[in-house]
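[1] just to be clear, the model below is a prediction. Sequence and coordinates:
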Amino acid sequence: MIIFIKFSKIIRYLFIIIVLILLGLVLFQLNKDTISKTVFMTKPTNLVLQSDIQEIFDIRNSAILNEDIKSLSSIFNIEDRNGRWSYDYEINTIKYLNQWTDKQSARFNKIDSKVFLRKTEKTDHGYSVNLAVTTEYEYSYNDLPSSSNSFRICTYHSLDLIPNEDRWMITKEWYQDPVVNSFFNIEKLNIEKIREVILSNEKRDISDLNERRQGAVNYANEYSGVAKPPDYNFHYNSKYKNCNYMGGNCTNFASQVLYEGGGFSKTDAWNYEGSDGSKAWVNASAFNNYMLYSGRGSLISNGSYEEVLTDSYKLLPGDYICYEKKGKIAHTAIVTGIDSKGYALINSHTPDTHKVPFDLGWGGDEIKFWLVRVNY
């Protein structure tokens, strides 16, 4: 009996010792994770944080190039409602961009982003950051693989980040997506007919632009807000009010192009004085009406994408395009070039774009295009 009692005590003591060892291991791991998280949370300088966010955008670009949606789950906190919404939104963007290249019979060869932190704020769970991102897309047509084309887009992002092991995850994101108008069903388009038109064209000679037209293009390139590397400056012309907070700077920019670069004189209806522009100067619909009714512009074509596609090859650098959504002209862009298939390229503000294919971001069913020849 005495032996049994002693044996029971030994078992009990062993059990206690094992429990204490296991508890110690758990506490050690928790402490290790806490220390690791604390170090991770407190380590970033702006340069380190910018580098970490750069990696996030590299993963996003790789997902577009490889159509690898699954890889996005490593950078979005899909357990959170806002994180899940941001994740789903990015998936739609990737789907659209790949639909667009399919429609063009083209492919992206390279996508590079450059991240610039504008503001950082530490939060209870991580960081809230505001940043500008310039992304350059290189693409080629399937029948001209050696002829590379490129365009640039600048986007402004507000991100909430939380730490996850050795990287940050997006738990909330807002940015003005340049393809936000374009989540369309590609099956609704006559893809074969579109490809036939696009692939039958070739690069045109536009070397004989007159001085005023070339001046307009030069201004549009200088102040597009999406500068070339390594400058990456985002400047607009400081002589003019930035109208982004009023809903967009696109028409203000187009008017500047025609006045400063193209040599058109101001009028009573189309005017910028002090720090304000007239309605025809800053409003897309009023601007288009003014240009057409004054004779300074002549309509080439208007209608859906399929209806204007053939006529779009008549556009010259220095002309402009208006984009109508649900019966209202909502955007203005300046034609600044053509690609290796003669496809029209545009510069604009809000979003800031440089030599972007004219329909990118405007592929929805309700979108109509106004192609306008500017009479320099």
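    Yep, that arrived. Numbers count the residues shown, from 1 in each chain.
[2] pretty sure residue 162 sits against residue 79.
    No. Residue 162 lies out of contact with residue 79 (CB atoms under 8 Å); the separation is 10.4 Å. C-beta coordinates here come from the backbone N, C-alpha and C atoms, glycine included.
[3] mind checking which of the two has more residues around it?
    Neighbours were counted for residue 162 and for residue 79 using other CB atoms under 10 Å; residue 162 has more, 18 against 9.
[4] what is the burial count for the nearest residue to the more buried one once chain neighbours are set aside?
    Nearest non-adjacent residue to residue 162, counting by CB to CB, 6 or more residues apart in numbering: residue 126, 4.0 Å away. By the criterion of other CB under 10 Å, residue 126 has 21 neighbours.
[5] what's the answer for residue 358, then?
    24.
[6] mind listing what it touches?
    Contact analysis of residue 358 by CB atoms under 8 Å, 6 or more residues apart in numbering lists 312, 315, 321, 333, 335, 343-346, 369.
[7] how much space between it and residue 114?
    Distance of residue 358 to residue 114, given as CB to CB, to the nearest Å: 24 Å.
[8] helices of the stretch 1-150 of the chain, start to end?
    2-42, 46-66, 81-104 (DSSP state H, counting those that start in this stretch).
[9] from residue 323, how far out is the residue nearest to residue 302 when sequence neighbours are not counted?
    Nearest residue to residue 302 in three dimensions, chain neighbours excluded: residue 370, at 4.5 Å (CB to CB, 6+ apart). Distance of residue 370 to residue 323, given as CB to CB: 8 Å.
[10] and for residue 338?
    Taking CB to CB, one finds residue 338 at 19 Å from residue 323.
[11] how far is the longest strand anywhere in the chain from where the chain is centred?
    In the chain, with assignment by DSSP state E, the single longest strand is strand 144-164. Taking the mean of its C-alpha atoms, strand 144-164 sits 6 Å from the chain's own mean (CA atoms, centre = their mean, to the nearest Å).
[12] with stretch 357-365 instead?
    For stretch 357-365, the distance to the chain centre is 13 Å (CA atoms, centre = their mean).
[13] show me which positions of that stretch end up buried.
    By 16 or more other CB atoms under 10 Å, the buried positions in stretch 357-365 come out as 357-363.
[14] now the residues you listed in TSV, with pLDDT, secondary structure and distance to residue 130?
    Converted to TSV, the buried residues of stretch 357-365 look like this (pLDDT from 0 to 100; DSSP: H, G, I helix; E, B strand; the rest coil; distance: CB to CB, whole Å):
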residue	pLDDT	secondary structure	distance to residue 130
357	97	strand	29
358	97	coil	30
359	95	coil	30
360	94	coil	25
361	90	coil	22
362	90	coil	27
363	78	coil	29
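[15] which among those residues gets closest to residue 66?
    The closest of the buried residues of stretch 357-365 to residue 66 turns out to be residue 360 (CB to CB; 20.0 Å).
[16] that closest one touches residue 100, doesn't it?
    Yes. With contacts counted by CB under 8 Å, residue 360 reaches residue 100, the gap being 6.2 Å.
[17] check contacts around residue 221.
    Here residue 221 is in contact with 336, 347, 354 (CB under 8 Å, 6+ apart).
[18] and the last one, how many neighbours?
    Here the count is done by other CB under 10 Å, and residue 354 has 24 residues near it.
[19] secondary structure class for it?
    Under DSSP: H, G, I helix; E, B strand; the rest coil, the three-state class of residue 354 is strand.
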